[in-house]
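Engineer: Sequence isn't available, so here's the structure alone:
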């Protein structure tokens, strides 16, 4: 059952768009909801947080879907602190961590679609991973424009 549940969760996370992910969630509920309601509820209750990466550019999904960016960031730090048996004091430890992260930064993977980062920060809307050129205007706004 564990392998099947893991596949179902991967199907949600690796879906091609929000609609496919929601269908995969429905399948998870039907397959595992009766036997493990608490585990399924954890996924379903946090549905919006789990699927929020679909609101960003498709080029960024690869980075947003990653399972553990913090762990991979600090792995070189952990490896060096084990070898040196600790930094000695707090200031030396902070300096060592800073230098190790600064050196590791050169090997980090660059963001796909870096030109889209500014758009995301500006609050531009994306649907299904694509830029929404013109957001749908509310009917109130259209009537105000006609009256003016």
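Structural biologist: Looks like it arrived, so ask away. Computed from a prediction, not measured in an experiment: that's the story for all the values here.

Engineer: residues in contact with stretch 104-111?
Structural biologist: 60, 63, 73, 76, 77, 117 (CB atoms under 8 Å, 6 or more residues apart in numbering). In short, each C-beta sits where N, CA and C put it, glycine included.

Engineer: 10 Å instead?
Structural biologist: With contacts defined as CB atoms under 10 Å, 6 or more residues apart in numbering, stretch 104-111 is touched by 59-60, 62-63, 66, 69, 72-77, 80, 101, 117.

Engineer: what about that stretch, distance to the chain center?
Structural biologist: Distance, stretch centre to chain centre, for stretch 104-111: 18 Å (CA atoms, centre = their mean, to the nearest Å).

Engineer: Can you get me the start-to-end distance on it?
Structural biologist: Stretch 104-111 stretches 16 Å from its first residue to its last (CA to CA, to the nearest Å).

Engineer: Pull out the buried positions in that stretch.
Structural biologist: residue 104 (16 or more other CB atoms under 10 Å).

Engineer: Show the average pLDDT along it.
Structural biologist: Taken as a whole, stretch 104-111 has a mean pLDDT of 78.

Engineer: again with stretch 49-60
Structural biologist: Averaging pLDDT along stretch 49-60 gives 82.

Engineer: Can you get me the start-to-end distance on that stretch?
Structural biologist: 16 Å.

Engineer: Quick one: the strands in the protein, in order.
Structural biologist: 126-127, 130-131 (DSSP state E).

Engineer: Each with direction, which strands does the first one pair with?
Structural biologist: Meaning strand 126-127. Strand 126-127 has the following sheet partners, assigned by DSSP bridges: strand 130-131 (antiparallel).

Engineer: Apart from its neighbours in sequence, what residue is nearest residue 62?
Structural biologist: residue 112 (6.0 Å; CB to CB, 6 or more residues apart in numbering).

Engineer: The most centrally placed residue in the chain and residue 111: what is the separation?
Structural biologist: Most central in the chain under CA atoms, centre = their mean is residue 64, positioned 3.0 Å from the mean C-alpha point. Going from residue 64 to residue 111 by CB to CB, to the nearest Å gives 10 Å.
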